[in-house]
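Peer 1: attaching a predicted model along with its sequence, questions to come.
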Amino acid sequence: MRLAQCSRVAASAMLVMVQSNAFAQTSPSKVEEIVVTSTALRESSLEVAQPTNVLSGDELRRQIAASIGDTLSGELGVNSSYFGPSASQPVIRGLGGYRVQVLQDGSASLDVSSLSQDHAVSVESVVSKQLEVLKGPASLLYGSGASGGLVNVVTSRIPTERAPAPIGGALELRGDTASEERTGALTVDGGVGAFAFHADYFDRETDDIRIPGFAQSGALRNSIIDAGGDPDDARNRVRNSAGDAKGGAIGGSLVGEAGFAGLSFNRYETVYGLPAEEEAFIDLTQDRLDARGEWRTSGAWLDTVHASASYSDYTHTEFEAPGVPGTLFNQNAYELRTALDHHWGDDWRGTFGAQLVDIDFEALGDEAFVPPSITRNRSLFAFEERHFERWTVELGARAEQQTLDPDASAGLPDYDETAVNVSAGLVYKLADDRAVALNLTRTQRHPQAAELYANGPHLAVARVEIGDPTLDKETAYTLDVSLRSTGDGVRWTLNGFYNDYQDFIFLNPTGDFLAGEAEDDLLPVFEYLQDGAKLYGYEAEVVLPLLPAGTDVLDLRLSSDYVRGKLDDGGNLPLIPPLRVGAGLDYKRGSWQTSIEALYNAKQNDVRENELKTENFTMVNLDVSYRLTLAGNDWLLFARGTNLLDEEARVASSPLKDIIPLPGISFHLGARMEF
């Protein structure tokens, strides 16, 4: 579908939104205002210029999957890099990897997930209480690694408030049939007086995922046959896609009237197969220590002082087979961050601060495709906003100096540059629950170690990667326009965005092949290139109440999102998701809630040279949940059926789209007891 057709879809959605305001008074639905903690001043999504999505409460419990990417893949503007059930990363508006940052409570994950799509994100959603998605550049507050957006996983690992009871928490059990997932999670919160504590633990096991038909796509099988080869006949299961993960945390805080100060320690462990290879797997461990504090002052201009520090000891080994270690990745990293919230007179308020990040990375082994390196990042940032009667003006800037020093034995040049980011936003409130917003940003992103220095086979994704040490900073000019209604009754969102990139860095398939480990094993060669690029598209959703005010609630949801990625030389950007159009019904009656949805994914024909196209598919999902009180405890029981049509579904944003489809028909069951 071309841009003109997509524009008509967006225009039709907007017409429905405008016409549907006549029904706004008939709905009993009431939407709770949720604070987005990763925004500059921790405001609601209606109050900020940047588009945001938030998952929390029962909605989050029902959507949690084995990876953060899969959990969010149904959100507007969000897809997944799908690398099996264990290592799928979020893709926001067609961008992922080095351009999308995953945070835990506002601090970087400090893992190596951005280095490659086969690396798992070390932040776990099953023990979270809220997931926040900022769409579009979030570099102003969090650095160039968030130039395409960010995901913030909000937890209670460092308590910020006094405990309402000496002890409480939740026990959760969940599983599904396609991957035979078995997950258990326990969170405990409590405290006495000024002391509050938190502890959590989770354990998950999954088997090789069930799929409909062949693991290899029809396009790949045909190309192999045309080349005189024999395609793989594996079907019904994706071999080597099983995995285990477990981890936990303990933390505590002293909480007073003027703020809090706390510490937490958490460990994350996972072992999971790499489906691009027959026996290879990753064994990953991260130990992490976090400290956070907040001091609310009563000064003439200073309101709140925020400070945080994080240290990570990360290691993972890529095994070629059981007992045969291949490449060892080690990374020690820390992040320090402080921000001062303030006000000027009665109209201006804002925050300014500093951030320091040091990363000591090494990859050891015959298949280490990136040399050891030390990355240092020093940043200063400021954000200010002024409220008028209905208008809010937002202004921001960030200066970020980065050095990247590869190991001397590699004989490669150092990188030392400063990136400058600026933003300006306007929010106009049409009513208390409706607003229009405009956000304009100029974002620069530093190239990272793999983009500069990669040189060798990356077997986990079955390719050879070649970096370019002469790469320059990536500069993007982004325009975002949003219309939002978040109150009672009809709710709608319409976002339009346009990104104009200078020196966009991308991984390009050259069409060449190099010999792999086996004599008949040929690996395609990919090289990092830089060119101008454009990404543009929209996200639209409207929720229409179908029943008058009363006990029951029945809402119709209509949604669509689209992104188009093109290079200035006329070629297409690789791994861009296609148009999606969805419709669903949500029904609530007392403690019962159920929904059914159908999400159509169009063909992706706008692919890079030497990249295979993906076919269209429709995902039909059914969701049922029930809340009850039993023996003095609150319970949530939930069941979800996914891909009920058992479609062969391949994610265009996945590097393994031609050898791993999404799971076939699956039934997810879970129970959560809150005590």
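Peer 2: That came through fine. Keep in mind it's a predicted model, so treat the numbers as computed, not measured.
Peer 1: only C-alpha atoms for contact and neighbour calcs from this point on.
Peer 2: OK.
Peer 1: and the residue located most distally from the centre of the chain, how far from residue 222?
Peer 2: Distance from the C-alpha centroid of the chain peaks at residue 228, with 40.0 Å (CA atoms, centre = their mean). Distance of residue 228 to residue 222, given as CA to CA, to the nearest Å: 10 Å.
Peer 1: any idea which helix or strand carries the nearest residue to residue 496 once chain neighbours are set aside?
Peer 2: Spatial nearest neighbour of residue 496, chain neighbours left out: residue 538 (4.3 Å); criterion: CA to CA, 6 or more residues apart in numbering. Assigned by DSSP states H and E, residue 538 belongs to strand 522-545.
Peer 1: which residue ranges of the stretch 351-500 of the chain form strands?
Peer 2: Assigned by DSSP state E, counting those that start in this stretch, the stretch 351-500 of the chain shows strands spanning 373-387, 391-406, 415-431, 434-445, 455-458, 463-466, 474-485, 491-515.
Peer 1: closest one to residue 50 among the ones you listed?
Peer 2: Closest of those to residue 50 is strand 434-445, at 6.3 Å (criterion: CA to CA).
Peer 1: what pLDDT, on average, does the closest one get?
Peer 2: For strand 434-445, the mean pLDDT works out to 97.
Peer 1: how about that strand as PDB, C-alpha atoms only?
Peer 2: Provided in PDB are the C-alpha atoms of strand 434-445 (Å, rounded to 0.1, in the frame of the first residue of the first chain):
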ATOM      1  CA  ARG A 434      -8.300  16.500  24.500                       C
ATOM      2  CA  ALA A 435      -5.100  18.000  23.100                       C
ATOM      3  CA  VAL A 436      -3.100  18.600  20.000                       C
ATOM      4  CA  ALA A 437       0.700  18.500  20.200                       C
ATOM      5  CA  LEU A 438       3.600  19.300  17.900                       C
ATOM      6  CA  ASN A 439       7.200  18.300  18.600                       C
ATOM      7  CA  LEU A 440      10.200  19.200  16.500                       C
ATOM      8  CA  THR A 441      13.700  17.700  17.300                       C
ATOM      9  CA  ARG A 442      17.200  17.800  15.900                       C
ATOM     10  CA  THR A 443      18.900  14.600  17.100                       C
ATOM     11  CA  GLN A 444      22.500  13.400  16.700                       C
ATOM     12  CA  ARG A 445      23.500   9.800  17.300                       C
END
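Peer 1: quick one: strands adjacent to it?
Peer 2: Its sheet considered, strand 434-445 pairs with strand 415-431 (antiparallel), strand 474-485 (antiparallel) by DSSP bridges.
Peer 1: most packed of the ones you listed?
Peer 2: strand 474-485 (a mean of 22; mean count of other CA atoms under 10 Å).
Peer 1: also compute the angle for that one relative to strand 522-545, please.
Peer 2: Inter-element angle recorded for strand 474-485 and strand 522-545: 20 degrees (by axes from the mean of the first three to the mean of the last three CA atoms, to 10 degrees).
Peer 1: and the helices in the protein?
Peer 2: Ranges of helices within the chain are 3-19, 57-63, 68-72, 139-142, 218-226, 449-453, based on DSSP state H.
Peer 1: so where's the protein shaky on pLDDT?
Peer 2: Scanning the chain for pLDDT under 70 picks out the ranges 1-33, 516-520.
Peer 1: dump the residue contacts of the residue most central in space within it.
Peer 2: Centroid-nearest residue in the chain, with CA atoms, centre = their mean: residue 90, separated by 3.4 Å. When contacts are counted by CA atoms under 8 Å, 6 or more residues apart in numbering, residue 90 touches 68, 69, 70, 72, 73, 78, 79, 80, 81, 96, 100, 151.
Peer 1: these two touch, right, the third one and residue 89?
Peer 2: So the one you mean is residue 70. Yes - with contact defined as CA atoms under 8 Å, residue 70 reaches residue 89; the gap is 7.5 Å.
Peer 1: between those two, point out the one with more neighbours.
Peer 2: Using other CA atoms under 10 Å as the criterion, residue 70 and residue 89 rank with residue 89 on top: 32 against 25.
Peer 1: thought the more buried one was touching residue 121?
Peer 2: Yes - look at residue 89 against residue 121 with CA under 8 Å: they come within range, at 7.0 Å.
Peer 1: overlap in contacts, these two.
Peer 2: What both residue 89 and residue 121 touch, as defined by CA under 8 Å, 6+ apart, is the set 67, 68.
Peer 1: and residue 149, how many neighbours?
Peer 2: Counted with other CA under 10 Å, the neighbours of residue 149 add up to 27.
Peer 1: surely it touches residue 132?
Peer 2: No - contact criterion CA under 8 Å: residue 149 and residue 132 do not qualify, at 10.6 Å.
Peer 1: all strands for the stretch 201-350 of the chain, in order.
Peer 2: Taking DSSP E, counting those that start in this stretch to define them, one finds strands in the stretch 201-350 of the chain at 210-214, 235-237, 243-256, 259-273, 281-296, 302-321, 324-344, 348-364.
Peer 1: JSON lines for these, including mean neighbour count and distance to residue 553?
Peer 2: Below are those laid out as JSON lines (neighbours: other CA atoms under 10 Å; distance: least, CA to CA, whole Å):
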{"stretch": "strand 210-214", "mean neighbour count": "20", "distance to residue 553": "35"}
{"stretch": "strand 235-237", "mean neighbour count": "17", "distance to residue 553": "40"}
{"stretch": "strand 243-256", "mean neighbour count": "21", "distance to residue 553": "38"}
{"stretch": "strand 259-273", "mean neighbour count": "21", "distance to residue 553": "40"}
{"stretch": "strand 281-296", "mean neighbour count": "20", "distance to residue 553": "41"}
{"stretch": "strand 302-321", "mean neighbour count": "20", "distance to residue 553": "41"}
{"stretch": "strand 324-344", "mean neighbour count": "19", "distance to residue 553": "41"}
{"stretch": "strand 348-364", "mean neighbour count": "19", "distance to residue 553": "40"}
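Peer 1: of those, which is nearest residue 52?
Peer 2: Using CA to CA, the nearest of the strands of the stretch 201-350 of the chain to residue 52 is strand 348-364, at 19.3 Å.
Peer 1: what are the C-alpha coordinates of that closest one, in CSV please?
Peer 2: Extracted in CSV, the C-alpha atoms of strand 348-364 (Å, rounded to 0.1, in the frame of the first residue of the first chain):
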residue,chain,number,x,y,z
TRP,A,348,8.3,28.3,33.9
ARG,A,349,9.4,25.0,35.3
GLY,A,350,11.9,22.5,34.1
THR,A,351,14.9,20.3,34.9
PHE,A,352,18.6,20.3,34.1
GLY,A,353,21.2,17.7,34.8
ALA,A,354,24.2,15.6,33.9
GLN,A,355,24.8,12.0,32.9
LEU,A,356,28.0,9.9,32.9
VAL,A,357,28.3,6.4,31.3
ASP,A,358,31.4,4.3,31.1
ILE,A,359,31.4,0.9,29.3
ASP,A,360,34.4,-1.5,29.2
PHE,A,361,33.5,-4.2,26.6
GLU,A,362,35.4,-7.2,25.3
ALA,A,363,34.6,-10.1,23.0
LEU,A,364,37.0,-13.0,23.1
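Peer 1: please consider this matter closed, and thank you.
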